[in-house]
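[1] need a 3D model of the following:
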Amino acid sequence: MQRYWFILLYALLDTMHTSAQGPAADWLPKNDQGNRYEGSYARKVSNPAIELVSFTAGSIEPYKKGQKQQLRVKFCLAGDSVYLLKAEELRPVQYYWMQGKNTSGDTGWNVFDQWPVDAWLGRLDVPADNLGVLVRIGTAKSARIAPALVYHSKAPTAIAQYVAKFRLGNSISEGRVDVYRGQYERETPPAAQKIHAATLNNKSGGSYFPVLIRAELLGNTAGWFTVRMELTKAGNTQKIPYSFCFYHQPDL
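    Residues are numbered from 1 along each chain as shown. Reported below is the predicted structural model:
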């Protein structure tokens, strides 16, 4: 049986056909929580065709309010010291937002902690299965991603899979996802480096879908991988490209 390590799961949600881009700059100092900015913000109506809202190593550990739990985010920087860590709802309901204040770290593994569940996550009733966490290496719009391990009770000892979650702003009729070994932010990846290709079917605007990548088949050596997508907008033949790179570090 062929080993398909790249699995697409689709979850269509009955959300508004809008996509939250995050709070305005003046929201941050008004929601200063010490080591982070956190709270709920007024909705901005915008409509990006596709948006990566979360990239984690495995699932986020389920949490409960009232248990005095503190979330931690562990991530690996590959020689870059500048990063942006943020969290938001996958399906915007309360328009929750969290952004770490620290924006530089050491090469290798870093940990963001003291993120209390009983604060805004509990106050707004944001469950783990509707929470997205994303660590961008470099600027806020960087296409380089550090997968996040998110937990509160016990740090993971191994990575079984990576979970990327995308939010669609527009409906699509079809699409294609290609994965390459190596980092290709601007140039076209060599065909010889393609690891896998998959297709997408009809998806409605306002939905999100996860892409799961089995870590064991990426190898035991740290390195970069590139994900490239090309979507076809529903109702016409307009192509919507999207790509990002992520750093695979199997040694925890």
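
[2] contact partners for the residue nearest to the spatial centre of the chain?
    For the chain, the residue lying nearest the average C-alpha position, counting by Cα atoms, centre = their mean, turns out to be S54 (1.6 Å). By Cβ atoms under 8 Å, 6 or more residues apart in numbering, the residues touching S54 are 90, 131-134, 163-165. For the C-beta atoms, the positions are set from N, CA and C on the backbone; glycine is no exception.

[3] what about 10 Å?
    The neighbourhood of S54, defined by Cβ atoms under 10 Å, 6 or more residues apart in numbering, consists of 60, 86-90, 131-134, 145, 148, 150, 163-167, 208, 210.

[4] again with E88
    20-23, 41, 53-54, 95-99, 126, 130-134, 167.

[5] give me the element it is part of.
    E88 belongs to strand 83-89 when elements are defined using DSSP states H and E.

[6] count of residues packed around P29?
    Counted by other Cβ atoms under 10 Å, the residues lying close to P29 total 8.

[7] then it would be within a helix, right?
    Yes: counting by DSSP: H, G, I helix; E, B strand; the rest coil, P29 falls inside a helix.

[8] where's it relative to I50, distance?
    Counting by Cβ to Cβ, to the nearest Å, the gap from P29 to I50 is 31 Å.

[9] hmm, back to that, what pairs with the strand holding E88, parallel or antiparallel?
    Strand 83-89 has these partner strands in its sheet, going by DSSP bridges: strand 96-100 (antiparallel), strand 131-137 (antiparallel).

[10] one step back: of the contacts of E88, keep whichever come out buried.
    20, 22-23, 41, 53-54, 95-99, 126, 130-134, 167 (16 or more other Cβ atoms under 10 Å).

[11] ok, back up a step: any idea how far G169 is from the residue lying closest to the residue nearest to the centre of the chain once chain neighbours are set aside?
    Nearest residue to S54, sequence neighbours excluded (Cβ to Cβ, 6 or more residues apart in numbering): G132, at 3.0 Å. Distance of G132 to G169, computed by Cβ to Cβ: 15 Å.

[12] ok, now L124?
    23 Å.

[13] what about the strands in the stretch 101-250 of the chain?
    Ranges of strands in the stretch 101-250 of the chain, per DSSP state E, counting those that start in this stretch, are 108-116, 131-137, 144-145, 149-151, 161-168, 172-181, 194-200, 208-214, 223-233, 239-248.

[14] for E187, find the nearest of those strands.
    For E187, the closest of these is strand 223-233, at 10.0 Å, according to Cβ to Cβ.

[15] for the spatially closest residue to D113 that is not a sequence neighbour, which residues make a bridge with it?
    The spatially closest residue to D113, leaving aside those adjacent along the chain, is R72, at 4.4 Å (Cβ to Cβ, 6+ apart). In this entry, R72 is beta-bridged to Y151, by DSSP bridges.

[16] show me where pLDDT drops low in the stretch 101-250 of the chain?
    Counting by pLDDT under 70, the stretch 101-250 of the chain contains no low-confidence residues.

[17] if we can go back for a sec, so the residue nearest to S54 touches I60, yeah?
    Yes: in terms of Cβ atoms under 10 Å, G132 counts as a neighbour of I60; the distance is 8.7 Å.

[18] between the two, what contacts are shared?
    Contacts common to G132 and I60, judged by Cβ under 10 Å, 6+ apart, are 54, 87, 148, 150, 163.

[19] picking that back up, TSV for the strands paired with strand 83-89, including distance to R181?
    As requested, these are exported to TSV (distance: least, Cβ to Cβ, whole Å):
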stretch	distance to R181
strand 96-100	30
strand 131-137	18
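
[20] which of the ones you listed sits closest to N201?
    strand 131-137 (22.8 Å).

[21] so how far is that closest one from its chain's centroid?
    On the basis of Cα atoms, centre = their mean, to the nearest Å, strand 131-137 sits 5 Å off its chain's mean C-alpha point.

[22] restrict it to CA atoms and write it as PDB.
    Extracted C-alpha coordinates of strand 131-137, given in PDB (Å, rounded to 0.1, in the frame of the first residue of the first chain):
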ATOM      1  CA  LEU A 131      -7.000  28.000  18.600                       C
ATOM      2  CA  GLY A 132      -4.200  28.600  16.000                       C
ATOM      3  CA  VAL A 133      -0.600  29.300  16.900                       C
ATOM      4  CA  LEU A 134       1.900  30.600  14.400                       C
ATOM      5  CA  VAL A 135       5.600  31.500  14.800                       C
ATOM      6  CA  ARG A 136       7.000  33.500  11.900                       C
ATOM      7  CA  ILE A 137      10.800  33.700  11.600                       C
END
